[in-house]
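Visitor: No letters, just coordinates:
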């Protein structure tokens, strides 16, 4: 009784803590989504723009912004030129609640890139000419921006995927709360494909709200880098390696440093030049990204094979997502490309780079939620095919849209037709082309799988020719394990109402010899479902099957319409730690169906021999003297 009371007292506080944690999770997820969701408006509508791109020193690095040509930009029309400087001291936010502060935050705000503003937000900027001379006050009235079909489509995808990424990371915390999953969630709160331009435009009337938002953003920015580094130190078991445990504090210190630099960079609203601080914060963040990949690679070498493959998924996601996000952030939020290289990427290209960063959340979710994972090359291969086919289908549609735009008077097609009619048709076409592409590329790149199929086809013929059940058992299990390079395999065949192990590969002598209904209900459920069943990792005791790698990962039922339930075949993952994928599962199921035909044939042969023996016995009795 004392022990039970002690257990209850230990569990109750944890439950309350989880509830508080989930409340905090919901609040933070709501805030993260609220920052990017308003950009859905820019998909169907548009804000205004001054055409200015101003860095954190107040230097004007572009006067065209989102406009196709400088002639359409209010900044260029007002005589502002590249190299001019916004006089930060003359417009500093002291006090905050002044028109000058509001006007200044409309063009800096710590974001970089061409800001979007409300159409009713005219501003007065104090601008110092690049060639010297007295500063002048320039009045700017925003002009409504126009976005092409591709820009709208990419923005829609960025916003939608950004929300999905935040929800996916929140789901990880909800299902498996811990320092590891919280670290990744804090990272995606800010580092996701969504954009915050419309969110800041909504805050324009309240400079204090913008500054408060930037303070929170600075903390999240730094915590995001620290969170991803802590995730790398702790993945996959939410426990850092003993040799890396001391680096957790350094991760949070690094995050605090980056957050402090970002916070200090917003001091340009108070008259200071802070481009060096923001650039340092960005570069330091990129160093942390490199350290994260290095830590994951080092941890991978020390982990068991199954966990090693899970880390491979995370490394692959980082290798794709982090460089894409870094380059997109440089192109949009800094002047690193404009000033030295005179290079400016279009919004659609930057949006596609941000979209590519969403791959990281998908790969991390798979690696966290699955104790076993299939080979990472499978989604990479299919993702590459999908990307190429998307370009093959999307580029002609965009070109057609642009062509018709030149003939708007003769052929006028509303934008909603492209979004609600043309886009769904293109998606259906893309899906079909993707299926064909995957099939063709699989034939070329997945040769091992197809070679295994040919080997099992030969085995199926041998099973049909076999006359004894024990021979069929061996062909069913051993040949499948060898063909697919699996770590283990076993067959439990029904004998006298009990499923007994009759053949095994990779199982030691102490492994269980029978399936028990109460202990092995999940395995036996494959017979009820009449289909293969995935088995969770760690469902088998180490004393029964060699731990981890050789644990069964799939149960394949062997059932006959004539003989009933024949048995269950259990197969472990691949010897390299990768799980059995869907195609291999279907191959094993087909292999089992061929075995059923062999068992039926063997049973028929046994029955015919018994009948022949009975006839001989009957003939002997008939001819024997009474």
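Guide: Thanks, I have it. It should be emphasised that the depicted structure is a prediction, and the values quoted were computed from it without experimental measurement.

Visitor: Helix or strand: which one has residue 454?
Guide: helix 447-465 (DSSP states H and E).

Visitor: for that helix, packing partners?
Guide: helix 423-445, helix 469-484, helix 582-623 (3 or more C-beta pairs under 8 Å, 6 or more residues apart in numbering; DSSP states H and E). All C-beta atoms are positioned from the backbone trio N, CA, C, and that covers glycine.

Visitor: Figure out how far that helix is from the centre of its chain.
Guide: 35 Å (C-alpha atoms, centre = their mean, to the nearest Å).

Visitor: can you check stretch 309-322 too?
Guide: 10 Å.

Visitor: Mind pulling up the pLDDT for residue 263?
Guide: Looking at residue 263, its pLDDT is 91.

Visitor: Excluding chain neighbours, give the residue nearest to it in space.
Guide: residue 218 (3.9 Å; C-beta to C-beta, 6 or more residues apart in numbering).

Visitor: Show the subsequent helix or strand relative to the host helix or strand of that neighbour.
Guide: Secondary structure from DSSP H and E places residue 218 in helix 207-234. Proceeding N to C from helix 207-234, the next assigned helix or strand is helix 247-265, under DSSP H and E.

Visitor: Spit out the contact partners of residue 122.
Guide: 139-142 (C-beta atoms under 8 Å, 6 or more residues apart in numbering).

Visitor: Pipe those residues into a markdown table and attach pLDDT and distance to residue 179 per row.
Guide: Output for these, formatted as a markdown table (pLDDT from 0 to 100; distance: C-beta to C-beta, whole Å):
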| residue | pLDDT | distance to residue 179 |
| --- | --- | --- |
| 139 | 91 | 52 |
| 140 | 89 | 48 |
| 141 | 88 | 51 |
| 142 | 87 | 45 |
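
Visitor: Most neighbours among these, please name it.
Guide: residue 140 (26 neighbours; other C-beta atoms under 10 Å).

Visitor: List the beta-bridge partners for that one.
Guide: residue 123 (DSSP bridges).

Visitor: what's near enough to touch it?
Guide: Counting by C-beta under 8 Å, 6+ apart, residue 140 makes contact with 50, 52, 74-75, 78, 122-125.

Visitor: With residue 369 instead?
Guide: So residue 369 contacts 172, 175-176 (C-beta under 8 Å, 6+ apart).

Visitor: next one: phi and psi at residue 67?
Guide: Per-residue torsions, residue 67: phi -80, psi 150 (degrees, to the nearest 10).

Visitor: for the chain, what spans make up the strands?
Guide: 48-49, 53-54, 60-62, 85-86, 123-128, 136-140, 143-144, 489-495, 498-505, 533-534, 554-560, 564-571 (DSSP state E).

Visitor: which parts of the fifth one are buried?
Guide: Buried residues in strand 123-128, counting neighbours by 16 or more other C-beta atoms under 10 Å, are found at 123, 125-128.

Visitor: of those residues, closest to residue 270?
Guide: residue 126 (14.8 Å; C-beta to C-beta).

Visitor: Residue 188 and residue 165 touch, don't they?
Guide: Yes. The criterion here is C-beta atoms under 8 Å, and residue 188 meets it with residue 165 at 5.3 Å.

Visitor: Need the residues touching each of the two.
Guide: Counting by C-beta under 8 Å, 6+ apart, the residues touching both residue 188 and residue 165 are residue 361.

Visitor: so what's residue 572 closest to, chain neighbours aside?
Guide: Using C-beta to C-beta, 6+ apart, the closest residue to residue 572 is residue 488 (3.6 Å).

Visitor: Show the backbone phi and psi for residue 273.
Guide: phi -90, psi 120.

Visitor: contacting residues around the residue nearest to it when sequence neighbours are not counted?
Guide: Nearest residue to residue 273, sequence neighbours excluded (C-beta to C-beta, 6+ apart): residue 57, at 4.1 Å. Contact analysis of residue 57 by C-beta under 8 Å, 6+ apart lists 85, 88, 268, 273-275.

Visitor: what's the least confident helix or strand in the chain, going by average pLDDT?
Guide: helix 338-341 (a mean of 54; mean pLDDT, DSSP states H and E).

Visitor: Residue 165 versus the residue positioned nearest the centre of the chain, what's the distance?
Guide: Centroid check for the chain by C-alpha atoms, centre = their mean gives residue 362 as the closest residue, at 1.3 Å. According to C-beta to C-beta, to the nearest Å, residue 362 and residue 165 sit 8 Å apart.

Visitor: same question, residue 99
Guide: 38 Å.

Visitor: higher neighbour count, those two?
Guide: Remark: of residue 99 and residue 165, residue 165 carries more neighbours, 27 against 11, as counted by other C-beta under 10 Å.

Visitor: Quick check, that one in contact with residue 361.
Guide: Yes. Using C-beta under 8 Å, residue 165 is in contact with residue 361, at 4.2 Å.

Visitor: Give the residues shared as contacts by those two.
Guide: By C-beta under 8 Å, 6+ apart, the residues touching both residue 165 and residue 361 are 188, 192.

Visitor: rewinding a little: ok, how many other residues are close to the residue nearest to residue 263?
Guide: 22.

Visitor: what's it in contact with, if anything?
Guide: 259-260, 262-263, 266.

Visitor: let's see it at 10 Å
Guide: 110, 190, 258-266, 281 (C-beta atoms under 10 Å, 6 or more residues apart in numbering).

Visitor: Now which of these would you call buried?
Guide: By 16+ other C-beta under 10 Å, those give 110, 190, 258-259, 261-266, 281 as buried.

Visitor: Pull out the buried residues from the helix holding residue 454.
Guide: Those would be 449, 452-453, 456, 459-460, 463-464, for helix 447-465 by 16+ other C-beta under 10 Å.

Visitor: Can you add pLDDT and give these back as a markdown table?
Guide: A markdown table is the format used below for the buried residues of helix 447-465 (pLDDT from 0 to 100):
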| residue | pLDDT |
| --- | --- |
| 449 | 72 |
| 452 | 80 |
| 453 | 79 |
| 456 | 84 |
| 459 | 84 |
| 460 | 81 |
| 463 | 85 |
| 464 | 83 |
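
Visitor: quick check, nearest of those residues to residue 106?
Guide: residue 449 (57.3 Å).

Visitor: hang on, that closest one packs against residue 484?
Guide: Yes. The pair residue 449 / residue 484 is scored as a contact, 8.3 Å apart, by C-beta atoms under 10 Å.
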